[in-house]
Structure formats: C-alpha cells, structure tokens
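**Q** generate coordinates for the sequence data below:
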Amino acid sequence: MKIRTRFTLLFSVIVGVILFFFSFSIYYLSENYRQNDFHSRLHDRGIVKLKLFLSVKDSNTTFSNPEIDDNEFHTINQEAFAFFDHNRMLLYHDKNATIPSQIIVSKITSENPYLSNKNNIESIGFTYNFNNNKYYVVSSGYDKHGMSYIDNLKQILFFRGFVLMLVIFISGWLYAGRFLKPISNIVQQASKINYSNMYQRLNSSNSNDEIGQLTTTFNKMLERLEKSFNAQKRFVSNASHELRNPLTAINGQIDVALMKERENEEYKKVLHTISKDIKNIRTLINNLLELANNDEVLIQHFEDIRIDEILWEVREEILKINPEYSISIHFENLLDNDNFLICKGDKKLLETAFLNVIDNACKFSENKTVEVKIISTKSNIILHFIDQGIGMPDSFLNQIFEPFARGSNTIGIQGNGIGLSLVYRIIKLHSGKIFIRSQVDKGTDVEIVLPNIS
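**A** A predicted model of the protein is given here:
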C-alpha cells in the first residue's frame, strides 16, 4: 500500500473517530436536555393537576381532568396522571392510563423521584406537600415535539456525517498528494542518477523543512559516493598502470635476452633485473591486499605491542636490504612506566606502516637519512620521522593519503604511491592519528600518535 493511501486512510480514520465522538456528544447532550426538560414539564403539570384536583374535590364537584391552558407547541401527547395520598392509596387516575402499581409507588421518595420510559411513554413519580398533606404524583406522557427533534437530529448527524467523511477522505487524498509531491520529485530525480552522471544533485524548494533536510543529506551522500566512485576508478586505473609497467618491462627484457645467445653474466644481469621487478610487483600486490582487507578481520589479531621494539626490528630489516640508509632512533621525554610505550595493535601491520614511512624518508633524501624520535606521554605514544629530503608541494598535501597519489617532484624516483595510503589506514585502524608537515627541498616530518594501554 502506498504512503498516500495509508496517509489518507489514517487521516480519515482519525478525523472520523473525532467526528463520531463529537456527533455522539451532541446527540447525548441533546437527548439528556430533552429528557430533563420533559420531566420538568411533567413535574410542573402534575403539581398543577394535583392542585386542581384537590380544589375540585373540596368543592364536592366532579373532576374531569380539564385541559390546562398551555401553548400548543408544548402540548404533551397521551398525558396521564395518578394521585396517591400519604398512605399510597389511590385518589385519582385517568381512565385512559394504566394505574401505577404499588411497587412503583413504593419506589417514590422525597429524595429520589421515580423515572421510567416504556414504549416512548415517559413517567415521573414524585412527592408533593400541599396543605400539610403529603401526596404521591405520577405524571406520564409522550414528548412528541422532543422526540421529533431528536429523530431529526439523528438524521442530520448521520447523513451529514457521511457527507463530511466523504469530504474528509477526498481532502485527505488531495492533501496527501500535495504533501508527498516533494518526495515524488526526489524519487524521480534520484532515479535518473547513475554512474555516468553522479555529479547531479537533487533540487529542493525549501531547505528548512524535513524534506529539505532529507534532500541536503542525500546530496551529501551523493557527494561522498561520487568521491568514492572516482577514487575507485582512479585506484583501478593506477593499479592497472603500476602492474602493467613492470610486467611490460619484464616481458621486454626476456624478449631481448632471447633474441640471441648471450654470456652467462648478461643472463645473470637480466635475471637480477627481473627479480627486482618481481619483488616490486609482489610488494605492490601485498599492499593492495592490505588495503582490501576487512578492518574487523585485522582487529581480531590485536595484542599488546611495545613500539620501540618494533622500530628497532624494522630498522634492522631495512638496513639488511638497503645498507646505505642511515636510521637513528632516540627517546625524548621518556617516562618510567613501560606501559607508556605499549599499545594494542597488530605487529605485522605496524611494521608495514613504519617500514613504509622510514623507506620513504630515506628514498626521497639525498643523504638517505631519517631521524626517529620516540616521545611517551601518559596517554599517547608520539613518533616523529624526520628527514632532510625533497619535501612535498603544498598542493599535494591535500591528497597525500589517496592511493597512487604522488607528488610532482617525485618523477624518476621508484614508487607506486600506495605506501602513505596504507600507513594512514593502519594508523586509523589502531585509533591513532597521523600528521605530515613538509616543505619542498627542506624535508618532511611525519608525526604518528598512537594511544598506549595506560
């Protein structure tokens, strides 16, 4: 069921219930007023008839129930009276009326009058003191005018209520359509957006209401999706390019080597070059796999790790491969408690992150030197990787953590641009922060902040 239909039905039910209770209240109050008014008239006419009966009785004349002067509009149909003395003995009753039983008369008290309604003939029994005598009066009749008014009121409430419900349903349907029109427009606009026009955004006439807020939120989501989609396209394109280049180089070297017979030293040289290219491809693939791993899977391997020990191990590993590098590690503001140098994390991932940062610092420096500072605080472990290399342009710092992003001044230097994006993800995975301060031809300071277990 569509929202418009549900809204219309719900609106009609709510208003219909309110209208029903309102109409019932009018009917109930009108009927209650009619009864009270009619009982009051029966009470007053009963007293008048009793006094007239007693006056005629005292004059020893025959009481023939003469008509009381009254407005014809207030005439009571099928009017009948019965009078009883203080012993509840019958004094008089109309010949065309049924004599009230003694049970009914016994129910009449000074505090509570007797009321009954049988076949639309309403009766009231009450006591009245006259000339120091107590009398019991039972007045009955049919309220023709009042019943006619109530019947007419019921017809009005029923038929006009039906018409009103029809008007309410139509109004609800039109109102729901007008109310949901902005949402329909959003649906139509959103259905036209696909991978080829993700730059398009939804339009909203009013940005202050809930629909406008929904449109703004959806546009922000589209903006994030567009950035992710473009980043993914660039990632695939760059990954293909980075994998294709070494494979092409390997294929070319093999083809050249097979063109003619060569000396063993030449074959060794070719194989050495191919081995180096394969290692680069393997490193690239491993980095890509690390980027593709699920964070939840990686977090499962977290344990207590001492940061300085990892740095020393990474230093030793790098120097084995690149003995020309110079890596110095020293402490600043070292606290007594060893827990200030321990964090929760994955040893392999942190080794990968530190290896990439140190390798970049040495690779992009003429003197192949990097200085590592370890600073411990009561809540964090702060690491500074400082080099005196070529630095990074300011325009590149905004996209430094995007995969395959490389600065304009790195042309001719081996690399694929995945390292820092991988470092950024690993540090974020360890609830840490990374800051990079760099100036062209002056060097770079990479600051990594990791929470310790304290």
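**Q** let me see the mean pLDDT of stretch 344-360.
**A** Stretch 344-360 comes out with an average pLDDT of 88.
**Q** outside of it, which residues touch it?
**A** 290, 298-299, 301-305, 307, 310-311, 313-315, 317-318, 322, 325, 327, 370, 372, 383, 385, 415, 419-420, 422-423, 426-427, 429-430, 446, 448, 450-451, 453 (CB atoms under 8 Å, 6 or more residues apart in numbering). The way it works is simple: take the backbone N, C-alpha and C, and place the C-beta from them, glycine included.
**Q** now that stretch, how far from the chain's geometric center?
**A** The chain centroid and the centroid of stretch 344-360 are separated by 40 Å under CA atoms, centre = their mean, to the nearest Å.
**Q** can you give me the buried ones in that stretch?
**A** Neighbour counts over stretch 344-360 (16 or more other CB atoms under 10 Å) mark 345-347, 349-360 as buried.
**Q** all strands of the chain, in order?
**A** When secondary structure is read from DSSP state E, the chain shows strands at 77-84, 90-93, 114-118, 121-130, 133-142, 303-306, 326-332, 342-345, 369-376, 380-387, 433-439, 443-451.
**Q** mind checking which of those strands is nearest Gln232?
**A** Gln232 lies closest to strand 433-439 among the strands of the chain, at 22.5 Å (CB to CB).
**Q** that older thread, just the buried ones among the contacts of stretch 344-360, please.
**A** Buried, going by 16+ other CB under 10 Å: 290, 298, 305, 307, 310-311, 314-315, 318, 325, 327, 370, 372, 383, 385, 415, 419-420, 422-423, 426-427, 429-430, 446, 448, 450, out of these.
**Q** so where do the helices sit in the chain?
**A** Ranges of helices in the chain, per DSSP state H, are 3-58, 102-106, 144-191, 210-258, 264-292, 295-299, 307-321, 347-363, 394-397, 419-429.
**Q** burial measure for the closest residue to Glu226 other than its chain neighbours, as a count.
**A** Counting by CB to CB, 6 or more residues apart in numbering, Glu226 lies nearest to Met198, which is 4.4 Å off, once chain neighbours are set aside. A count of neighbours around Met198, defined by other CB atoms under 10 Å, yields 16.
**Q** gap between Met198 and Thr217?
**A** Between Met198 and Thr217 the computed distance is 16 Å (CB to CB, to the nearest Å).
**Q** CA-only coordinates of stretch 85-94, as CSV, when you get a sec.
**A** Taking C-alpha atoms only, stretch 85-94 is exported to CSV below (Å, rounded to 0.1, in the frame of the first residue of the first chain):
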residue,chain,number,x,y,z
ASP,A,85,-52.4,10.1,49.4
HIS,A,86,-49.8,9.8,52.1
ASN,A,87,-50.7,6.1,52.7
ARG,A,88,-50.1,5.5,49.0
MET,A,89,-53.8,5.0,48.5
LEU,A,90,-55.1,5.9,45.0
LEU,A,91,-57.0,9.1,44.9
TYR,A,92,-57.4,9.6,41.2
HIS,A,93,-56.1,8.3,37.8
ASP,A,94,-57.0,9.0,34.2
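**Q** picking up where we left off before, OK, contacts around the residue nearest to Glu226?
**A** Met198 touches Leu222, Leu225, Glu226, Phe229, counting by CB under 8 Å, 6+ apart.
**Q** Leu19: which of those is nearest?
**A** Lowest distance from Leu19 to those (CB to CB) belongs to Leu222, with 44.7 Å.
**Q** contacts only, for the closest residue in space to Asp304 that isn't next to it in sequence.
**A** Closest residue to Asp304 apart from its sequence neighbours, by CB to CB, 6+ apart: Ile342 at 5.4 Å. The contact partners of Ile342, taken as CB under 8 Å, 6+ apart, are Asp304, Ile305, Arg306, Ile307, Asn452, Ile453.
**Q** go on, Phe179?
**A** The contact partners of Phe179, by CB under 8 Å, 6+ apart, come to Phe7.
**Q** separation between it and Arg4?
**A** For Phe179, the distance to Arg4 equals 9 Å [CB to CB].
**Q** before we move on, the earlier item: for Thr216, see how far away the residue nearest to Glu226 is.
**A** Distance, Met198 to Thr216, using CB to CB: 17 Å.
**Q** cool, and Phe83?
**A** According to CB to CB, Phe83 stands 84 Å off from Thr216.
**Q** of these two, who's got more company?
**A** Neighbour totals were compared for Phe83 and Thr216, and Phe83 leads with 22 against 14 (other CB under 10 Å).
**Q** show me what the more buried one bridges to in the sheet.
**A** Using DSSP bridges, the beta-bridge partners of Phe83 come out as Tyr92, Val137.
**Q** low-confidence ranges, the stretch 51-200 of the chain, go.
**A** Along the stretch 51-200 of the chain, the parts satisfying pLDDT under 70 run over 58-74.
**Q** typo on my end, the stretch 301-450 of the chain
**A** Along the stretch 301-450 of the chain, segments meeting pLDDT under 70 span 301, 403-417.
**Q** now Lys134. Nearest residue, chain neighbours left out?
**A** Leaving aside its chain neighbours, Lys134 sits nearest to His86 (4.2 Å; criterion: CB to CB, 6+ apart).
**Q** need the contact list for the one you found.
**A** His86 sits next to Asn133, Lys134, Tyr135, Tyr136 when contact means CB under 8 Å, 6+ apart.
**Q** which pLDDT does the model give the most centrally placed residue in the chain?
**A** With distances taken as CA atoms, centre = their mean, the residue of the chain nearest its centroid is Leu214 (11.1 Å). Note for Leu214: predicted pLDDT of 82.
**Q** now it. Nearest residue, chain neighbours left out?
**A** In this structure, Leu214 finds its nearest non-sequential neighbour in Ile186, 7.2 Å apart by CB to CB, 6+ apart.
**Q** over to Asn129?
**A** Tyr135 (7.5 Å).
**Q** is it true that Asn120 touches Tyr142?
**A** Yes. With contact defined as CB atoms under 8 Å, Asn120 counts as touching Tyr142 (5.8 Å).
**Q** the two: which has the busier surroundings?
**A** Tyr142 (17 against 12).
**Q** for the more buried one, which residues are in contact?
**A** Residues in contact with Tyr142, defined by CB under 8 Å, 6+ apart, are Ile76, Asn77, Gln78, Asn120, Ile121, Glu122.
**Q** returning to that earlier point: can you tell me which residues contact the residue nearest to Leu214?
**A** Applying CB under 8 Å, 6+ apart to Ile186 gives the contacts Leu202, Ser204, Ile211, Leu214, Thr215, Phe218.
**Q** please apply the same query to Gly46.
**A** The contact partners of Gly46, by CB under 8 Å, 6+ apart, come to Phe81, Ile124, Phe126, Tyr128, Val137, Val138, Ser139.
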